[in-house]
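1. Prediction below, plus the sequence it came from.
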Protein chains: 2
Amino acid sequence: MPRQIVECVPNFSEGRRPEVIEQIVDVVRQAKEEGLAVSLLDHSADRDHNRMVVTYVGEAQAVAEVAFRLARQAQALINMEEHRGAHPRIGATDVIPFIPISGITMPECVALSKQLGARLADELAIPVYLYAESATTAARRRLPDVRVGQYEGLKEAVGLPERRPDFAPAGEPRLHPTAGATAVGARNYLIAYNINLNTPNVEIAKRISKNIRESSGGLVNVQAMGVDLAAQGLAQVSMNLLNHKATPLYRAFELVRAEAARYGVTIGHSELVGLLPLDAMIDAAAYYLQLEGFSREQLLEVRMISVE
Amino acid sequence: MPRQIVECVPNFSEGRRPEVIEQIVDVVRQAKEEGLAVSLLDHSADRDHNRMVVTYVGEAQAVAEVAFRLARQAQALINMEEHRGAHPRIGATDVIPFIPISGITMPECVALSKQLGARLADELAIPVYLYAESATTAARRRLPDVRVGQYEGLKEAVGLPERRPDFAPAGEPRLHPTAGATAVGARNYLIAYNINLNTPNVEIAKRISKNIRESSGGLVNVQAMGVDLAAQGLAQVSMNLLNHKATPLYRAFELVRAEAARYGVTIGHSELVGLLPLDAMIDAAAYYLQLEGFSREQLLEVRMISVE
């Protein structure tokens, strides 16, 4: 059996006290030392936002367990009554997204988010809103909608029927007095993908971007904008692919190529920014090589992990 | 640091006694249980050849250690004086190939094979011939040349200067009295890759194969033949890619496409047979997407292994 790999990118309402930031990140490091199958990939904090982000990845159940421990640690160290910062937030642990990477489906990640939501309410008395793919109503899919009024406003609004948490301790709904509330949900992996055109004309990059993005007649799950790379004498189509399984890299690439041809422009090269799941690369290779019947299990490295 | 992953496919002169076959395969299983970073991928035995093949993969040093233990086990269980079989062989452990999979170069695998060769001679008194990329003379690159005369003939010939082992116990060169000799070397991974043409005409597949293979004016590191898939009403170009890093999948694919166009024939689909290294797929994706600056470390799954 292949392992079920999930990424988690929780956000906490602390970006100023270095010792608190370290104590939160240490939760992931210590869990790993204890033998839980998780790896810390990155963490960063912002003073103005007074907010931090932790990125880690691992086996589904271990990732959920560590998310619980992180929320418990943040609850112990952060008091929302004293928190000020530029970024909207509803709690000490503001949001916990689960992202399927490999060997796991979106519905399974939704189930994982619900399992964690129930634990946060039961064991930490923190009310939880399910968002993104886990949302129970359309009005909760987008994080800004869940955050309306922020921590301060939600203290009152939590009593309204339309703001009732998906998980909460028994009794009248109320926020945790210091930790507030938390949004938990499953979402797709976002791939940042740029294509550099063999032209310095940013107008062409802008027109192509307009034609290929979801918002103006192009591919669903694609955001795009034209960028002037004056120093390189090039124009760029800069994209976010919001669901690479449904709308893969190669489709965006081929559509940019087709739209560019309209202006006699070719593609110089493309760039993948940051991390991405292996499947995104495999899907591209399989498409261009017209592969039939290919399985990830044919990759030696994957087989090695599977049989371990 | 990424792990150095090596595959090893040792062949042993035993294909008939099930209990001996199991005792040899158990060496890999037990090493894994002891915590060595190796995984058994496959094993098979052939009665007529009286020979078995074990396929396992893992971290370079662990793979070499397990290869040593396998040779020690085969020496304890197999007596070449009593061995009869259809397949040419020179010892109880006939050949040990090391194949670089990821994070390791061919010269590093050559060094690994020499390290093992020295141990087999010093600790097990088994003379060793280095072959393939590890060969010390051109005459020893090909395994059939190393095996000339087989076990029985080599007992005499081992005294000749041109048959002197690369590693042997001190004194006059002689075979081990029951375990014979062993060939050890590093070689490239072989990828079996088939392309099905949109034509039932096998003559076209044969002409394309002739044009794209090394032996008749095509790509180096490529073997190819035309095959009639009568049941499917298709003709196939069936290839072995002997060095996918130097001569990648996509180059073979594109050359077949170009040669097929000469006959107005298109590619129906392609198939990868058996296992292959991840790099082969990544290289194809990077080529077609015109990726610049891409690193395996951008893959979440690879990053996860690296930071573990």
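-> Good, I have the coordinates.
2. What segments of the stretch 101-250 of chain A are helices?
-> In chain order, the stretch 101-250 of chain A shows helices spanning A:106-124, A:143-146, A:150-157, A:202-212, A:249-261, with DSSP state H, counting those that start in this stretch as the criterion.
3. Show me what the shortest one packs onto, helices and strands only.
-> Counting contacts by 3 or more Cβ pairs under 8 Å, 6 or more residues apart in numbering or on different chains; DSSP states H and E, helix A:143-146 is packed against strand A:128-132. In this view, the C-beta of every residue, glycine as well, is placed from N, C-alpha and C.
4. Give me the mean pLDDT for the strand it packs on.
-> Averaging pLDDT along strand A:128-132 yields 97.
5. Show residues contacting it.
-> Strand A:128-132 has contacts (Cβ atoms under 8 Å, 6 or more residues apart in numbering or on different chains) with A:90, A:95, A:97, A:113-114, A:116-118, A:120-121, A:136, A:140-143, A:146, A:165-168, A:181-187.
6. quick check: angle from that strand to helix A:150-157?
-> Counting by axes from the mean of the first three to the mean of the last three Cα atoms, to 10 degrees, strand A:128-132 lies at 120 degrees to helix A:150-157.
7. Domain-wise, how is chain A divided?
-> Residue ranges for each domain of chain A read A:5-186, A:191-302, as given by automatic domain parsing.
8. For the helices of the stretch 101-250 of chain A, please prepare JSON lines with the additional fields distance to A:V63 and mean pLDDT.
-> Conversion of the helices of the stretch 101-250 of chain A to JSON lines gives the following (distance: least, Cβ to Cβ, whole Å; pLDDT from 0 to 100):
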{"stretch": "helix A:106-124", "distance to A:V63": "8", "mean pLDDT": "98"}
{"stretch": "helix A:143-146", "distance to A:V63": "20", "mean pLDDT": "92"}
{"stretch": "helix A:150-157", "distance to A:V63": "26", "mean pLDDT": "96"}
{"stretch": "helix A:202-212", "distance to A:V63": "34", "mean pLDDT": "97"}
{"stretch": "helix A:249-261", "distance to A:V63": "25", "mean pLDDT": "98"}
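9. Switch those over to a markdown table; also include mean neighbour count.
-> Putting the helices of the stretch 101-250 of chain A into a markdown table (neighbours: other Cβ atoms under 10 Å in any protein chain shown) gives the following:
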| stretch | mean neighbour count |
| --- | --- |
| helix A:106-124 | 20 |
| helix A:143-146 | 16 |
| helix A:150-157 | 17 |
| helix A:202-212 | 20 |
| helix A:249-261 | 19 |
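10. May I see the ones you listed arranged in a markdown table, with distance to B:Q30 as well?
-> Supplementary listing: those in a markdown table, determined by distance: least, Cβ to Cβ, whole Å:
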| stretch | distance to B:Q30 |
| --- | --- |
| helix A:106-124 | 35 |
| helix A:143-146 | 51 |
| helix A:150-157 | 57 |
| helix A:202-212 | 56 |
| helix A:249-261 | 43 |
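11. Tell me the spacing between A:I204 and chain B.
-> With distances taken as Cβ to the nearest Cβ, to the nearest Å, A:I204 is found 17 Å from chain B.
12. Quick one: classify the residue nearest to that residue when sequence neighbours are not counted as helix, strand or coil.
-> Take A:I204 and drop its neighbours on the chain: the residue closest to it by Cβ to Cβ, 6 or more residues apart in numbering or on different chains is A:Y263, 5.0 Å away. In three-state terms, and counting by DSSP: H, G, I helix; E, B strand; the rest coil, A:Y263 is coil.
13. about what we covered before: of all the domains of chain A, which one comes closest to B:R84?
-> domain A:191-302 (34.4 Å; Cβ to Cβ).
14. Leaving out the residues flanking it, which one is nearest to A:R29?
-> Distances taken as Cβ to Cβ, 6+ apart place A:L40 nearest to A:R29, at 6.2 Å, with adjacent residues excluded.
15. Pairing partners for that neighbour in the sheet, please.
-> A:Y56 (DSSP bridges).
16. That one: how many residues sit nearby?
-> Applying the criterion other Cβ atoms under 10 Å in any protein chain shown, we find 19 residues in the vicinity of A:L40.
17. Show me which residues of the stretch 1-150 of chain A sit near chain B.
-> Applying Cβ under 8 Å from any Cβ of the partner chain, one finds that the stretch 1-150 of chain A approaches chain B through A:5, A:7, A:39-41, A:57-58, A:101-102.
18. can you rerun that using 10 Å?
-> On the criterion Cβ under 10 Å from any Cβ of the partner chain, chain B has as its neighbours in the stretch 1-150 of chain A the residues A:3, A:5, A:7, A:32, A:37-42, A:55-59, A:99, A:101-103.
19. I'd say the residue nearest to A:R29 and A:A31 touch.
-> Yes - counting by Cβ atoms under 10 Å, A:A31 is a contact partner of A:L40 at 9.4 Å.
20. Now for those two: what residues contact both?
-> Contact criterion Cβ atoms under 10 Å, 6 or more residues apart in numbering or on different chains; residues shared by A:L40 and A:A31: A:56, A:58, A:66.
21. which among the residues of the stretch 1-150 of chain A next to chain B end up buried?
-> A:3, A:5, A:7, A:32, A:37-41, A:55-59, A:99, A:101-103 (16 or more other Cβ atoms under 10 Å in any protein chain shown).
22. before we move on, the earlier item: closest to chain B out of the shared contacts of A:L40 and A:A31?
-> Checking the shared contacts of A:L40 and A:A31 against chain B by Cβ to the nearest Cβ gives A:G58 as the nearest, at 7.3 Å.
23. What pLDDT is listed against the closest one?
-> A:G58 is assigned a predicted lDDT (pLDDT) of 93.
24. same check, this time on A:R142
-> According to the per-residue confidence, A:R142 scores 89 in pLDDT.
25. How about A:D166?
-> For A:D166, pLDDT reads 98.
26. Where does the stretch 101-250 of chain A get nearest to chain B, which residue?
-> A:I101 (5.3 Å).
27. all strands of the stretch 51-200 of chain A, in order?
-> In the stretch 51-200 of chain A, the segments counted as strands under DSSP state E, counting those that start in this stretch are A:51-59, A:93-102, A:128-132, A:182-186, A:191-197.
28. Now do the longest one against strand A:51-59, angle only.
-> Between strand A:93-102 and strand A:51-59, the angle comes out at 30 degrees (the same axes, to 10 degrees).
29. gap between strand A:93-102 and the chain center?
-> The gap between where strand A:93-102 is centred and where its chain is centred comes out at 6 Å by Cα atoms, centre = their mean, to the nearest Å.
30. ok, that strand: who's next to it in the sheet?
-> Based on DSSP bridges, the pairing partners of strand A:93-102 within the sheet are strand A:5-8 (antiparallel), strand A:11-12 (antiparallel), strand A:182-186 (parallel).
31. would you turn those strands into CSV with mean pLDDT?
-> Rendered in CSV, the data for the strands paired with strand A:93-102 read as follows (pLDDT from 0 to 100):
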stretch, mean pLDDT
strand A:5-8, 95
strand A:11-12, 97
strand A:182-186, 98
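32. deepest of these, which one?
-> For those, average neighbour numbers computed from mean count of other Cβ atoms under 10 Å in any protein chain shown are highest in strand A:182-186, which has a mean of 29.
33. which of the residues in the strand or helix carrying A:R29 are buried?
-> Under the criterion of DSSP states H and E, A:R29 resides in helix A:18-33. Taking 16+ other Cβ under 10 Å as the neighbour-count basis, helix A:18-33 is seen to contain the buried residues A:20-21, A:24-25, A:27-28, A:31-32.
34. Look up how far A:L77 lies from the residue of the stretch 101-250 of chain A closest to chain B.
-> In this structure, A:I101 lies at 29 Å from A:L77, with Cβ to Cβ, to the nearest Å as the measure.
35. likewise A:G180?
-> Counting by Cβ to Cβ, the gap from A:G180 to A:L77 is 13 Å.
36. Of the two, which one has the most company?
-> It is A:G180, of A:G180 and A:L77, that has more neighbours when counted by other Cβ under 10 Å, with 28 against 18.
37. OK, contacts around that one?
-> Taking Cβ under 10 Å, 6+ apart as the criterion, A:G180 is in contact with A:13, A:75, A:78-81, A:83, A:89-94, A:126-127, A:150-152, A:154-155, A:158.
38. pretty sure A:G15 belongs to a strand, no?
-> No - assessed with three-state DSSP, A:G15 is coil; it does not lie in a strand.
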